[in-house]
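1. this one's structure only:
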């Protein structure tokens, strides 16, 4: 790297942010998934209830047939998803990730990814007449994405396994998932699992899913064009679900995230949310993100984030802080103090950068270092 021109256009995530993100195949270091089990997930009592639901008169005949076949040993992704949906529905606080782990252990990662892609295909409720559990087609029932929405741990574990899978397994998984993209919700879930298929993500952006499954598409985005294609579709508090959403989107979108983060700062945020948005802006290698911090220098929690951005992008800091020092406002005074400290901390860097700075910035720096 040139000593006079450090690379200030590179996005570098801190290790803590890397650990929170939902990984992609080119991530380094490689993520780790703990667990994976063949433990028994369906007790005899649970199996009896599942069979009763599948034999019930209100259940969808095809879903019932596929679920029963899977219970009897036929490895079928849709049948596995139907069985898991009923089991999760009948349990208070039921979660899907143990099923995802078991699918991997019993049938392999391609099967598990396909089963999860089908997980939202079956809606489970109780027949209003008999009170018995039944399973129906989720798309016709109007609750297509509910099962996916309830448990993001299963999706994270599968995406992480795919991120570190060998090329042959990954290719097989992608090939098999191509047939599990029948509607906007399912396409978004598949794109979340394999975000490297950017053509699939582009297709999702052209016809995005409805709530509450929007987060799966957000965490698959990797370009400003994809974000722009979504327009007003963005959910109002996009950062709330799932865990790691901000880190994942910053990692995928880079500087294109700046408008979303700036808009979020003008909403009613908790203190942790405010700090997350500010720290995210401080990571972005863009003038827009840096200026957003400078413009808010007098607000609470902003200065630590701005100092972080100044350390990451020292030349950008000289160029953009200098114009903000003009005037007698408190914000201008704070900016002068920050810039003066920044210049004095590395005089050699300051001297090397001066020839490439705009004349007005050079004048301000000269007055501060005189």
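-> Nice, I can see it. The model shown is predicted, which means the values in this text are computed figures rather than measured ones.

2. would you mind measuring from the most centrally placed residue in the chain to residue 116?
-> Central residue of the chain (Cα atoms, centre = their mean): residue 219, 3.2 Å from the mean position. As judged by Cβ to Cβ, to the nearest Å, residue 219 and residue 116 stand 15 Å apart. All C-beta atoms are positioned from the backbone trio N, CA, C, and that covers glycine.

3. also residue 95?
-> Shown here: residue 95 relative to residue 116, a distance of 13 Å by Cβ to Cβ.

4. so what sits against both of the two?
-> Common neighbours of residue 95 and residue 116 (criterion: Cβ atoms under 8 Å, 6 or more residues apart in numbering): residue 154.

5. who's more crowded, the two?
-> For residue 95 and residue 116, the more surrounded residue by other Cβ atoms under 10 Å is residue 116, and the numbers stand at 31 against 14.

6. surely the more buried one is in contact with residue 80?
-> No - in this structure, residue 116 is not within contact of residue 80 by Cβ atoms under 8 Å, at 9.2 Å.

7. between the two, what contacts are shared?
-> Here residue 116 and residue 80 have residue 103 as joint contacts, going by Cβ under 8 Å, 6+ apart.

8. confidence score at the residue nearest to the centre of the chain?
-> pLDDT for residue 219: 96.

9. give me the distance between it and residue 199.
-> Using Cβ to Cβ, residue 219 is found at 17 Å from residue 199.

10. okay, and the closest residue to residue 205 other than its chain neighbours sits in which element?
-> Among residues not flanking residue 205 along the chain, residue 229 sits closest, at 4.1 Å (Cβ to Cβ, 6 or more residues apart in numbering). In the assignment (DSSP states H and E), residue 229 maps to helix 224-230.

11. could you do residue 135 as well?
-> Per DSSP H and E: residue 135 is located in strand 133-137.

12. so which elements touch that strand?
-> Based on contacts counted as 3 or more Cβ pairs under 8 Å, 6 or more residues apart in numbering; DSSP states H and E, the elements that strand 133-137 packs against are helix 44-55, helix 61-71, helix 77-90, strand 122-126.

13. of these, which stretch is the most buried?
-> Highest mean neighbour count among those (mean count of other Cβ atoms under 10 Å): helix 77-90, with a mean of 25.

14. now the helices for the stretch 101-250 of the chain?
-> Using DSSP state H, counting those that start in this stretch, the helices found in the stretch 101-250 of the chain span residues 109-117, 138-141, 146-150, 152-164, 167-177, 184-193, 198-206, 214-218, 224-230, 245-253.

15. for residue 327, find the nearest of those helices.
-> helix 245-253 (32.1 Å; Cβ to Cβ).

16. ok, residues contacting the closest one?
-> With Cβ under 8 Å, 6+ apart, helix 245-253 has contacts from 11, 13, 17-18, 20-22, 24, 195, 215, 218-224, 227, 238-239, 257, 260, 276-277, 280, 283-284.

17. what is the mean pLDDT for it?
-> 96.

18. then stretch 79-93?
-> For stretch 79-93, mean pLDDT rounds to 82.

19. chain center to it: distance?
-> Its chain's C-alpha centre and that of stretch 79-93 lie 25 Å apart, by Cα atoms, centre = their mean, to the nearest Å.

20. buried stuff in stretch 120-137?
-> 120-124, 133-136 (16 or more other Cβ atoms under 10 Å).

21. centre of the chain to it, how far?
-> Relative to the centre of its chain, stretch 120-137 is centred 31 Å away, using Cα atoms, centre = their mean.

22. re earlier: which of the helices of the stretch 101-250 of the chain has the lowest average pLDDT?
-> Of all the helices of the stretch 101-250 of the chain, mean pLDDT reaches its minimum on helix 146-150 (a mean of 59).

23. and of the helices of the stretch 101-250 of the chain, who's closest to residue 54?
-> Closest to residue 54 of those, according to Cβ to Cβ: helix 138-141, at 15.5 Å.

24. next, the distance between the ends of stretch 118-130.
-> With Cα to Cα, to the nearest Å as the measure, the first residue of stretch 118-130 is 27 Å from its last.

25. before we move on, what about stretch 176-185?
-> End-to-end distance for stretch 176-185: 17 Å, by Cα to Cα.

26. mind listing what's buried along stretch 292-309?
-> Using 16+ other Cβ under 10 Å as the burial criterion, the residues of stretch 292-309 that qualify are 292-294, 296-297, 302-303, 305-309.

27. can you redo these as CSV with pLDDT?
-> Output for the buried residues of stretch 292-309, formatted as CSV (pLDDT from 0 to 100):
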residue, pLDDT
292, 98
293, 98
294, 98
296, 97
297, 97
302, 98
303, 97
305, 98
306, 98
307, 98
308, 97
309, 98
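
28. closest one to residue 88 out of these, please.
-> For those, the nearest to residue 88 is residue 305 (39.9 Å; Cβ to Cβ).

29. not counting sequence-adjacent ones, nearest residue to that closest one?
-> Of all residues not flanking residue 305 in the chain, residue 278 sits nearest, at 3.8 Å (Cβ to Cβ, 6+ apart).
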